[in-house]
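Student: Give the three-dimensional model of this entry:
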Amino acid sequence: MKRPPKHAPVRIGSTDDLRLFQRMMATAITRPLSADDGLQSRWIDGRPMEKVAAEFIKPNDRLTSFERLELYNRMYWFRLFDAICDDCPGLQAALGERAFGRLAQAYLARYPSQSFTLRDLSSRLVRFIRERPSLTAPRTALALEIARFEWAQTVAFDGEFRPVVSAAALARTPPGRLRLGLQPYVTLLDLRHPIDSYVISVKRRDAMRSEASNTPDSTVTARERIRRVPLPRPSRTFVAVHRHDNRLFYKRLDPAAFRILEALSKGSTLTRAIAAAGPGATPARVRNWFKSWMALGWFCARGNKRGRRPS
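Tutor: Below you'll find the predicted structure:
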């Protein structure tokens, strides 16, 4: 990526001038906000931002060049903050609004948006929480699980769909040779907490809060009671986050069923995957599991999966 320009062109006389102006504008708009949520007072070379803004933004009868540019800078960052709040309601509820706000600001400064779509905004949040555990302490382990779960929802919502392996294809391939892939939109999670139930409770609370906000002021006390969802207590939970008929679902899995799916996703043959599941994988249970998974369309030909988890 090219270094941001220090000055805007005096006039736009060529495509190179236009490109330079666009880079100048983009750099100014996407620079992190100041401590008081405004445009930074200095440019990248230390010059006062008022002078830099005047090089390429005209004032009007109400706002200075600096103030006009600040509007766009703030709108850009507030839109990103809104998007990451929408993506991570569970994480925000677990950390609290202030701690989550600090995490979001630090994350977006370290990993700014580089995609044309806001869909990818939270894709590196798990990595960042591991890099900066102090921002989520003392709930870092819980925060990591919630961030993984909430990113899996994004993957499930619009992850790639591949042609489903037919029952006939399964039947004619010996189990010792059969290798199956999982749909790229399916994410398997081995969690230390029941994050699925927690996130559902948070979303239900938020829906109730939204509904209560439209009621008369006399019910303010009632709205206050809706605020907090208890943090989940430790309990080993195996879950698949997926979609079906264009709707998002969380499916709890038996530990043995999870081990079969995990082994298949890593390339094991069907025989070895079932063996890895342990004594809980009785023939009758395996048949029922596969019947359900086939009905959901989870199996496809093996291949590289894109977007399965944040790096």
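Student: how much space between the residue nearest to G176 when sequence neighbours are not counted and V186?
Tutor: Nearest residue to G176 in three dimensions, chain neighbours excluded: T271, at 4.7 Å (C-beta to C-beta, 6 or more residues apart in numbering). From N, CA and C alone the C-beta is placed, and that goes for glycine too. According to C-beta to C-beta, to the nearest Å, T271 stands 22 Å off from V186.
Student: And for F149?
Tutor: 14 Å.
Student: same check, this time on V199
Tutor: From V199 to V186 the distance is 17 Å (C-beta to C-beta).
Student: G90 too?
Tutor: 20 Å.
Student: Next, the buried residues of stretch 10-27.
Tutor: L20, F21, M24, M25 (16 or more other C-beta atoms under 10 Å).
Student: Please read the previous query as pertaining to stretch 132-149.
Tutor: So, applying 16+ other C-beta under 10 Å, buried residues of stretch 132-149: L135, T136, R139, T140, L142, A143, L144, E145, I146, A147, R148, F149.
Student: Just the CA trace of it, in PDB.
Tutor: Extracted C-alpha coordinates of stretch 132-149, given in PDB (Å, rounded to 0.1, in the frame of the first residue of the first chain):
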ATOM      1  CA  ARG A 132      -4.400  -7.700  23.500                       C
ATOM      2  CA  PRO A 133      -5.900  -9.800  26.300                       C
ATOM      3  CA  SER A 134      -5.700  -6.800  28.700                       C
ATOM      4  CA  LEU A 135      -8.600  -5.200  26.800                       C
ATOM      5  CA  THR A 136     -11.000  -8.000  27.800                       C
ATOM      6  CA  ALA A 137      -9.500  -9.000  31.200                       C
ATOM      7  CA  PRO A 138     -10.600 -10.600  33.400                       C
ATOM      8  CA  ARG A 139     -13.100 -12.100  30.900                       C
ATOM      9  CA  THR A 140     -10.700 -12.800  28.000                       C
ATOM     10  CA  ALA A 141     -11.400 -16.600  27.800                       C
ATOM     11  CA  LEU A 142     -15.100 -15.900  27.700                       C
ATOM     12  CA  ALA A 143     -14.700 -13.000  25.200                       C
ATOM     13  CA  LEU A 144     -12.700 -15.300  22.800                       C
ATOM     14  CA  GLU A 145     -15.500 -17.900  22.800                       C
ATOM     15  CA  ILE A 146     -18.200 -15.300  22.200                       C
ATOM     16  CA  ALA A 147     -16.200 -13.600  19.400                       C
ATOM     17  CA  ARG A 148     -15.700 -17.000  17.700                       C
ATOM     18  CA  PHE A 149     -19.400 -17.800  18.000                       C
END
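Student: Distance from the chain centre to that stretch, please.
Tutor: 14 Å (C-alpha atoms, centre = their mean, to the nearest Å).
Student: Stretch 180-196 now?
Tutor: The answer for stretch 180-196 is 15 Å, by C-alpha atoms, centre = their mean.
Student: for that stretch, how far is the first residue from the last?
Tutor: 26 Å (C-alpha to C-alpha, to the nearest Å).
Student: circling back: comparing T271 and V186, which residue is more hemmed in?
Tutor: V186 (26 against 13; other C-beta atoms under 10 Å).
Student: Could you list the low-pLDDT ranges of the stretch 1-150 of the chain?
Tutor: The model of the stretch 1-150 of the chain has pLDDT under 70 over residues 1-2.
Student: now the strands for it?
Tutor: Using DSSP state E, counting those that start in this stretch, no strands are assigned anywhere in the stretch 1-150 of the chain.
Student: show me the contacts for T154.
Tutor: Applying C-beta atoms under 8 Å, 6 or more residues apart in numbering, we find T154 in contact with D87, R119, S122, S123.
Student: now do 10 Å
Tutor: Applying C-beta atoms under 10 Å, 6 or more residues apart in numbering, one finds that T154 lies in contact with D87, R119, D120, L121, S122, S123, Y185, T187, V241, L248, G307, P310.
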